[in-house]
Structure formats: structure tokens, C-alpha cells
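Participant: structure of the sequence below:
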Amino acid sequence: MTAIDLEKARKAAEAAAAKLAEAEAAEAARQAEKAAERAGKEHELAAKFLEDRAELEKRVKGEKPSADELAAALEAGTLTALVTDYLARRDAVNSLRAHAQHCATLIGEDADSISDLRYVDPVEELRRWQEDAMYALRRKRADAIAAEALAAYEVD
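Facilitator: Next comes the predicted model:
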């Protein structure tokens with residue numbers, strides 16, 4: 001190879017390196033723009049989630065069954081399923097709160113103001129619900145038995 005050929009090869013390599021650097025810079029700029037757009041969307045969705053959080057928690061949490069509903073579930077043999085559903089809903093609320101903490105951090109708010117629900121032992125919760133259901137069912141049956149026994153002594 002001659003000196004001229006080497007010089008041409010060097011210039012071609014420099015041109016290729018410059019073209020590669022230009023392509024890499026363009027790709028980096030495109031990726032940065034994409035990341036900024038994604039961060040903007042995440043920020044927007046995080047703010048919307050925090051705004052909707054109370055309603056979401058209320059919908060997910062549901063209502064704790066009344067004593068009569070507990071008694072009916074005990075009688076039907078579905079009390080355990082009722083307790084399980086209630087505890088699953090509590091766990092779902094905790095998941096929502098963990099996501100809310102992440103969202104608050106993402107948008108620069110105080111995440112410490114979003115607390116977790118306290119832990120509830122499933123066995124203890126079932127025991128409490130069984131006691132409540134047993135009392136309500138016992139009361140209902142006692143009233144029915146007493147009403148039947150007293151029916152003969154009532155005036156229509």
C-alpha cells in the first residue's frame with residue numbers, strides 16, 4: 001500500500017467514525033426524548049392515581065358484613081369465605097397504598113403520609129367473626145323459639 005492509499009483509508013475511517021458518532025448522538029437524543037415523554041406520562045398518571053386513590057380504596061375495600069350477614073354466612077357454611085374475601089380486600093388496599101407511596105415519591109410528594117393498614121391475623125379475625133356470627137345467630141334463633149312458644153298466649 002502506498003502513502004496515498006493509507007491516507008485515503010485513514011480519511012474513510014475518520015468519515016465513518018464521524019458518521020457513527022453522529023448516528024449514536026441522534027439515537028441518544030431520540031432515546032432521551034422517549035424517556036422524557038415516558039417520565040411525563042408516568043408523572044401525569046401518578047398524579048391522577050393519587051387524586052383517585054380515596055375512591056379506589058373505598059371501592060376495593062368494600063363493606064364489612066353486618067352481624068345478620070355474618071349469621072347467615074355461618075348458617076350457610078360460608079363464613080370462612082367471607083372472612084377470606086374481607087382480608088383479601090384489605091391486602092388489595094395495602095397494595096394500592098404501596099403504589100400510592102411510589103407515585104408520591106415519583107412526583108415529589110411526601111410518601112410517609114400514606115400509611116399501610118395494620119396487619120390482621122387471619123385466624124384471629126375468623127375467630128372474632130365466628131363469635132359475632134354465633135351471637136347473632138343464637139339471638140335470632142332464641143327470638144324465633146320464644147316467639148313460637150309465646151304465640152299461643154298472644155291476642156290477634
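
Participant: low pLDDT regions in the protein?
Facilitator: The chain contains residues with pLDDT under 70 at 1, 156.

Participant: pick out the residue nearest the middle of the chain.
Facilitator: residue 96 (2.9 Å; CA atoms, centre = their mean).

Participant: give the buried residues for stretch 106-123.
Facilitator: 106, 109, 111, 114 (16 or more other CB atoms under 10 Å). All C-beta atoms are positioned from the backbone trio N, CA, C, and that covers glycine.

Participant: what ranges does this protein have for its strands?
Facilitator: Counting by DSSP state E, the chain forms no strands at all.

Participant: who are the packing partners of the longest helix anywhere in it?
Facilitator: Using DSSP state H, we find that the single longest helix of the chain is helix 3-61. In terms of contacts (3 or more CB pairs under 8 Å, 6 or more residues apart in numbering; DSSP states H and E), helix 3-61 is packed against helix 79-107.

Participant: which other helices and strands does the helix it packs on contact?
Facilitator: Using 3+ CB pairs under 8 Å, 6+ apart: helix 79-107 touches helix 3-61, helix 67-76, helix 122-150.

Participant: could you give the angle of the longest one to helix 79-107?
Facilitator: Taking axes from the mean of the first three to the mean of the last three CA atoms, to 10 degrees, helix 3-61 and helix 79-107 form an angle of 140 degrees between their directions.

Participant: rewinding a little: for the helices and strands packed on helix 79-107, which one sits closest to residue 87?
Facilitator: Nearest of the helices and strands packed on helix 79-107 to residue 87, taken as CB to CB: helix 122-150 at 5.7 Å.

Participant: which parts of that closest one are buried?
Facilitator: Judged by neighbour count using 16+ other CB under 10 Å, the buried positions of helix 122-150 are 126, 129, 130, 132, 133, 136, 137.

Participant: contacts only, for the residue nearest to the centre of the chain.
Facilitator: 53, 56, 57, 60 (CB atoms under 8 Å, 6 or more residues apart in numbering).

Participant: just the buried subset of those residues, please.
Facilitator: Counted by 16+ other CB under 10 Å, the contacts of residue 96 give 53, 57 as buried.

Participant: TSV please, covering the contacts of residue 96 and showing distance to residue 32.
Facilitator: As requested, the contacts of residue 96 are exported to TSV (distance: CB to CB, whole Å):
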residue	distance to residue 32
53	31
56	33
57	36
60	37
